[in-house]
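Q: sequence? don't have it. structure:
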């Protein structure tokens, strides 16, 4: 048996986090860590009600929240074998978590990425600007690093020891691409699996606005170039 811990960064997700936590396979996951990234609503209370461990991170940023979650699991005894990252907006399907974890357990993969492009997407779940930005980013990664990815989505599972080896640094929107680029450079055994994707509950803080989308894309491209 492998110890599996899920990290969910959240900011004002009181309407969705309960659904996410309810759908996580209880027989597969040992602990769910919700990182409350300075929410102004009842996100924390809802997460606690659904049995999650809640830790706080006041500095706003997806990377800040993920790093806070890692800091928490570093203090666990025993340490987890596998760490899963999942968003709290209910756009991913938490019940598909086994599709990401199983290849690590049974086939020895180091990092398994959930690809929204390869999977089934609800109409309108991704904005056209997201699809275009994702295509440009993954094409640039292939050109510069000679590694093929189809998506930079947040739903992913990684061996704990490999996560520590990556020494993640990004504090904001570059988190996912930093992980993929570093894993590729270190020759980790990586796999993409198709995952389902639906319209999120509520409005995205990044892709829900043109400004947020532009800033997110800018940070991703800067991160891609940074690790050359």
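A: Received the coordinates, thanks. If you're wondering where the values come from, they're calculated on a predicted model, not measured in any experiment.
Q: ok, residue 10 - contacts?
A: Taking C-beta atoms under 8 Å, 6 or more residues apart in numbering, we find residue 10 in contact with 17, 34-37, 39, 43, 47, 65, 88. C-beta here means a position set from N, CA and C on the backbone, and glycine is covered the same way.
Q: same thing with residue 6?
A: Counting by C-beta under 8 Å, 6+ apart, residue 6 touches 24, 29, 31-33, 83-86, 97.
Q: that one and residue 40, how far apart?
A: Remark: distance between residue 6 and residue 40 (C-beta to C-beta, to the nearest Å) = 24 Å.
Q: confirm residue 105 sits in a helix?
A: Yes - per DSSP: H, G, I helix; E, B strand; the rest coil, residue 105 lies within a helix segment.
Q: start at 23, not 1
A: Sounds good: first residue 23 from here, last item residue 127.
Q: spatially, which residue comes closest to it, not counting chain neighbours?
A: Leaving aside its sequence neighbours, residue 127 sits nearest to residue 24 (C-beta to C-beta, 6 or more residues apart in numbering; 5.5 Å).
Q: please apply the same query to residue 185.
A: Residue 185 sits nearest to residue 105 (C-beta to C-beta, 6+ apart), 5.5 Å away.
Q: how much space between the one you found and residue 155?
A: Distance of residue 105 to residue 155, computed by C-beta to C-beta: 26 Å.
Q: pick out whichever of these two has more residues nearby.
A: Set residue 105 next to residue 155 and count neighbours by other C-beta atoms under 10 Å: residue 105 wins out with 24 against 21.
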